[in-house]
Each structure stands twice: as C-alpha cells, then as structure tokens.
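**Q** Make a model of this:
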Amino acid sequence: GVGRPGAGTGGNRPRSPRGPPGCGAAPLRGPGAGDPRPAALLQELRGGAGAGAGAGAGARGGAWREAEADLGPRLFLELFEHLAYVETRGKRPWNGPFHLLGRRWAQAEEGAVAARVSGGAALLGMLAGRGAGAGASAERRAQGFDDARSAAALASLNRLAGLPRPHTEWRWFALARLLEREGGREELWQLERLAASMALRGCTKYERVRRLARALEACGEECAAPLHWGDTRGARGAAGAAGGEAPAGAAVDALALTAGERAATLEALDRGVYDVAHGGSALCRAVLLRAEDFWAAREGSLPGGAPPGPGPGPGLGGGGRGLTVEHVLPKLVERGSPWETAFSPAERAALTHRLGNLALVPGAQNREAARLGFRYKKKLFLGAGAPGAAGPGALRLTAGLGEFREWDARAVRARQADILELLGWGWDLRG
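**A** Got it, this is the predicted structure:
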C-alpha cells in the first residue's frame with residue numbers, strides 16, 4: 001500500500017491548503033476536534049511539557065522545536081511526511097504521518113528519535129537549497145553536493161518541488177539514503193533524471209512513490225533503518241528488509257531509467273511539455289533551464305574548472321529567478337496578423353506549445369512582446385542587456401533565436417530537434 005495521489009490524513013477531514021502534498025496536517029495548534037495528531041505528539045512538539053513527560057520527551061520536543069525554527073512551518077510539516085515514508089520504506093502512512101510516527105516512535109529510544117528529527121531537518125534544509133542546518137555535523141556539511149554538476153541537479157530537483165502540483169517525493173528517498181551514510185553524487189544525478197522523467201510522463205503521486213520505493217528496496221540495508229525496527233540487523237531482516245548488503249552501485253542501478261521510461265520521456269518531450277501533468281509553464285521553465293545547464297556542460301564552460309558533464313550554465317548557477325516562458329508563436333493569434341499567414345491552423349495546433357517555440361525571457365519582456373512579430377521579438381529579446389545577448393550568463397537557447405530570419409513551422413521544428421538532442425544527451429535518454 002503506497003499512498004494514492006494526494007492522500008491526506010485519513011477520514012473525511014479536508015486537507016489543509018497550507019500543508020505539503022500528501023500531508024493533511026494543519027499548522028500547529030492545540031488539540032481539538034478533528035486534529036489528526038495524537039495529543040502526546042502535540043505535547044512533545046511543545047517541548048514535552050505536561051503530565052507524564054520525562055527528560056527524554058523534553059529532549060525530543062527540543063529537537064522538533066529547533067527543526068521547525070530552521071525549516072519554517074511548511075517545510076517542517078513536509079519533513080514529517082518524508083520521515084513517515086522512511087519509517088515505512090515507501091509505504092503509505094495510512095492514518096497520516098503524525099499518527100504513524102506517534103504510534104511507531106512511542107516505544108523508540110528518545111535519543112534516536114531526537115537524532116532522526118534533527119538529522120532529517122538538517123538534510124532536508126540542504127536538499128531544499130537552504131544550506132545545512134545547525135543540527136548537521138561537520139561531516140554532513142562537508143558532504144554537501146556543492147560541485148557544479150550536483151548543484152545543478154539539486155536546483156533542478158527543487159524546481160520540480162516548486163511545480164503547481166509539487167514533486168517532492170525524491171526528498172524522502174534522499175533522506176532514507178543520507179540519514180546514516182554519505183551519499184554518492186552519481187546517485188543524485190540519477191535521482192534527478194528519474195524525478196524529471198516522472199514529471200514529464202505525468203506520473204501520479206502514487207506512481208512516483210511506488211517507483212522510488214522499489215529503488216529503495218534494491219538498496220537493501222544501505223538505508224536509514226525505521227526506528228521501530230530497533231538497532232539489530234536481525235530486526236531489519238524480520239521486518240522484511242532485503243537480506244544482506246546490497247552490491248556496490250545498487251542505488252544507481254535502481255534509479256536508472258528503463259528502456260521504456262527513456263522512450264516515454266523522449267516522447268513526452270517531443271509531444272509538448274506545456275500541458276503535461278498540469279505543470280504548465282513551470283514545468284517548461286524547469287526543462288528549459290535544465291537544457292541551458294546541458295548546453296554549458298557540453299561546451300565545457302562549467303565554473304571552477306569542473307569536468308564536462310551536466311552542470312549549471314554560466315551565470316545561471318541553476319537559478320533563473322525572474323525568467324518566464326515566452327511563446328514565440330503566440331498562443332492566441334489575431335486575425336489578419338503576420339502569424340496567421342506564417343502558420344496554418346494545423347501547424348499552430350501542433351507547434352504552439354512545443355519546446356522549440358518556447359524561450360526564457362524576463363517577465364517584463366514577456367509582457368511587452370505580447371503578440372509582436374518575430375522581428376520585433378528578436379530585437380527585444382536579444383538587444384543589449386537582454387539575457388540572450390552574447391556574453392557571460394547568456395541564455396544560449398534564447399540567444400539561438402537570432403539564428404533564424406523568419407519564424408515558421410520549419411524554424412520551430414529545427415529548434416525543437418536541437419533542444420531534444422540536447423536533453424537526450426544530458427539525461428542520456430538515447431541509451
């Protein structure tokens with residue numbers, strides 16, 4: 001039983017709009033009617049005060065207060081969903097993460113619970129791009145994925161987490177792998193490719209969690225053990241973990257795309273990303289920024305002399321804040337405009353939302369461009385100071401519009417083929 005799409009806390013209680021996906025818990029408040037969390041857990045969240053609370057509960061509650069202060073309310077609630085998936089090794093927390101953790105951690109050693117929450121909060125902060133928290137050890141800070149290629153992969157993963165329907169499941173998998181070991185960079189790269197593929201293919205939350213649970217199972221004991229299993233390897237085996245040590249590289253192999261997944265990802269990219277899984281322009285923006293990373297990597301222009309490989313584009317640093325998705329051929333074509341003669345109705349229907357017709361530009365330029373003709377759009381996007389202008393920090397795909405004298409179906413298809421080839425190379429989709 002892995003969680004169904006949008007699974008909440010059980011019952012008919014509506015999911016809080018402020019909570020993370022799959023977690024119906026509302027912001028912290030006192031126990032009351034309909035509150036999905038055990039009262040004892042709420043006491044511990046407040047520091048373990050109250051009848052029956054011992055020193056261990058106070059320490060546990062202190063760790064949680066520090067975690068909330070470091071992460072903020074929204075990411076703090078997301079942490080408990082991820083820890084619940086770690087505790088079940090990818091199975092759905094049927095009654096919600098707070099019910100599950102309150103029940104399973106009731107008999108766990110207090111120090112282990114506090115360490116799990118502190119370590120999880122520090123790692124989640126790092127994975128979410130906030131840096132290692134105060135609870136992270138020096139070794140954990142040092143193991144941060146701060147090389148160019150890993151930083152770009154992590155930025156790409158966080159863009160997926162920021163989609164209108166957030167794809168955050170990769171974070172619980174990363175927590176399970178990193179809570180008790182140092183992670184491999186190649187594993188992070190494979191995780192980013194898998195997460196992007198699932199977003200492009202429109203996989204549901206259920207499908208995403210199930211796919212990552214299978215990958216985690218292949219890792220055997222090289223993962224954080226659920227606390228209710230205890231400390232012994234025998235307890236892990238009795239609980240149904242994969243027996244013995246996993247072979248080297250098991251996680252990388254388990255995260256690798258199958259031939260069918262590669263083909264489906266290429267098909268989704270070619271079909272058009274704009275409407276995939278309700279990602280809209282946010283998913284297009286994420287894909288185009290990743291393509292910029294791959295362009296820079298193939299040119300060998302990564303910062304810091306990093307070896308060739310997918311990394312952040314020059315000046316982008318995996319960011320791209322303030323950039324919006326511009327349709328060169330407008331979504332709405334006015335009667336009598338040059339666009340009506342340049343593209344037939346069938347061509348407009350087939351090509352408007354394809355990647356070849358999309359470019360990243362600042363929001364102000366996007367609004368100004370509106371339904372301008374191609375010549376004026378080029379002048380606006382590629383003029384002095386525009387992000388497509390030549391020089392450090394240039395958006396190469398946007399600058400590439402300058403190579404076309406006219407914008408017609410042939411130009412869109414040619415640019416589409418170039419972008420697909422670039423993404424196919426960067427994500428190794430051709431096999």
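**Q** end to end, how far does stretch 395-403 reach?
**A** Stretch 395-403 has an end-to-end distance of 14 Å (CA to CA, to the nearest Å).
**Q** helix or strand right after the host helix or strand of Phe76?
**A** Following DSSP states H and E, the helix or strand that holds Phe76 is helix 73-88. Sequence-wise, the next helix or strand downstream of helix 73-88 (DSSP H and E) is helix 97-104.
**Q** hang on, Ala196 packs against Ala161?
**A** No - Ala196 is beyond contact range of Ala161, at 11.8 Å (criterion: CB atoms under 8 Å). C-beta: built from backbone N, CA, C; applies to glycine.
**Q** Name the residue in these two with the higher neighbour count.
**A** Neighbours per residue (other CB atoms under 10 Å) separate Ala196 from Ala161, with Ala196 holding more: 26 against 19.
**Q** now Phe404: how far from Leu422?
**A** Phe404 sits 17 Å away from Leu422, going by CB to CB, to the nearest Å.
**Q** more crowded one of these two?
**A** More crowded of Phe404 and Leu422, by other CB under 10 Å: Leu422, with 21 against 16.
**Q** The more buried one: what's it in contact with?
**A** 291, 294-295, 298 (CB atoms under 8 Å, 6 or more residues apart in numbering).
**Q** Within the helices and strands, which one has it?
**A** With DSSP H and E as the test, Leu422 turns up in helix 409-426.
**Q** May I have the helix holding Phe76 exported as PDB, CA atoms only?
**A** Output of helix 73-88 as PDB, limited to C-alpha atoms (Å, rounded to 0.1, in the frame of the first residue of the first chain):
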ATOM      1  CA  PRO A  73       6.200  25.700   9.200                       C
ATOM      2  CA  ARG A  74       5.600  24.500   5.700                       C
ATOM      3  CA  LEU A  75       8.900  22.600   5.200                       C
ATOM      4  CA  PHE A  76       8.700  21.300   8.800                       C
ATOM      5  CA  LEU A  77       5.400  19.600   8.000                       C
ATOM      6  CA  GLU A  78       6.900  18.200   4.900                       C
ATOM      7  CA  LEU A  79       9.700  16.700   7.000                       C
ATOM      8  CA  PHE A  80       7.200  14.500   8.900                       C
ATOM      9  CA  GLU A  81       5.700  13.200   5.700                       C
ATOM     10  CA  HIS A  82       9.200  12.200   4.500                       C
ATOM     11  CA  LEU A  83      10.100  10.700   7.800                       C
ATOM     12  CA  ALA A  84       6.900   8.700   7.700                       C
ATOM     13  CA  TYR A  85       7.900   7.300   4.300                       C
ATOM     14  CA  VAL A  86      11.300   6.500   5.700                       C
ATOM     15  CA  GLU A  87       9.700   4.600   8.600                       C
ATOM     16  CA  THR A  88       7.500   2.600   6.200                       C
END
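**Q** and that helix, what does it pack onto?
**A** Helices and strands touching helix 73-88, as assessed by 3 or more CB pairs under 8 Å, 6 or more residues apart in numbering; DSSP states H and E, comprise helix 55-71, helix 97-104, helix 110-127, helix 169-178.
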